[in-house]
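1. Mind looking at a prediction? Sequence and model below.
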Amino acid sequence: MTHETYEYTLTTAKGFLLMVICGLITVWAAYMAMTHNGSLDLGAVTFGPQGATFAYGVLGLVTGWVTFDEVRNWMRPSEQKAPIVLDNEAISAPAQPDNPAVLRLTYKGISDIKTRSVSGTRVIEIRHMDGNLTISGSALGSREAFDSLLQSLQARVALTRGYRY
């Protein structure tokens, strides 16, 4: 069998959208923390002037951290790319689509391969004696790449087991 390689990365558009939304929330929260003139009422919970300043500050810090992290990832997208490689003995894939640390699972140790849909995104779930791996279809980039990876993986596992998957 030949080696097959599939690009696996989060799309820049999703990271960019998250960056913009969190950036806007950060600016709004900072503005509110500096200029509000009263309490903050969240239905069942009411904060006084100091509590409201603290709540806006915490919201601004959290969304600011997410914005900073997304800007960093967006500026260095090569760090988010890690290919999925199918070779003669194993699949090598990132443990998570945004973490380039590679997990290598032998075909012999794979006990089950399932597909399912999570929030409209197709995923491949691989059960292995050394751990589980989930591959997101949105991180593969195209439906064709997802289908090709799934078929090739199933065929390689079946050949290792000596039967058709």
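-> Arrived safely. Numbers count the residues shown, from 1 in each chain.
2. contacts, neighbours, all on C-alpha from now
-> OK.
3. what about the strands in the chain?
-> For the chain, the strands defined by DSSP state E cover 4-6, 40-41, 46-47, 84-86, 90-96, 99-106, 110-118, 121-128, 131-136.
4. wait, which of those is closest to residue 29?
-> Residue 29 lies closest to strand 40-41 among the strands of the chain, at 12.3 Å (C-alpha to C-alpha).
5. Show me what that closest one pairs with in its sheet, parallel or antiparallel.
-> According to DSSP bridges, strand 40-41 forms sheet pairs with strand 46-47 (antiparallel).
6. what does the strand it pairs with contact?
-> 39-41 (C-alpha atoms under 8 Å, 6 or more residues apart in numbering).
7. hang on, the earlier thing: looking at the strands of the chain, which is closest to residue 63?
-> Closest to residue 63 of the strands of the chain is strand 40-41 (C-alpha to C-alpha; 18.7 Å).
8. what bridges to residue 118?
-> Residue 118 has these beta-bridge partners by DSSP bridges: residue 121.
9. Now do the closest residue to residue 15 other than its chain neighbours, the pLDDT please.
-> Nearest residue to residue 15 in three dimensions, chain neighbours excluded: residue 70, at 6.1 Å (C-alpha to C-alpha, 6 or more residues apart in numbering). Looking at residue 70, its pLDDT stands at 85.
10. which residues does residue 132 contact?
-> Contacts of residue 132 (C-alpha under 8 Å, 6+ apart): 125-126.
11. how far away is residue 30 from residue 59?
-> Distance from residue 30 to residue 59, counting by C-alpha to C-alpha, to the nearest Å: 9 Å.
12. Please read the previous query as pertaining to residue 20.
-> 15 Å.
13. One more: residue 4?
-> 44 Å.
14. of these two, who's got more company?
-> residue 59 (19 against 16; other C-alpha atoms under 10 Å).
15. No further queries at this time; thank you.
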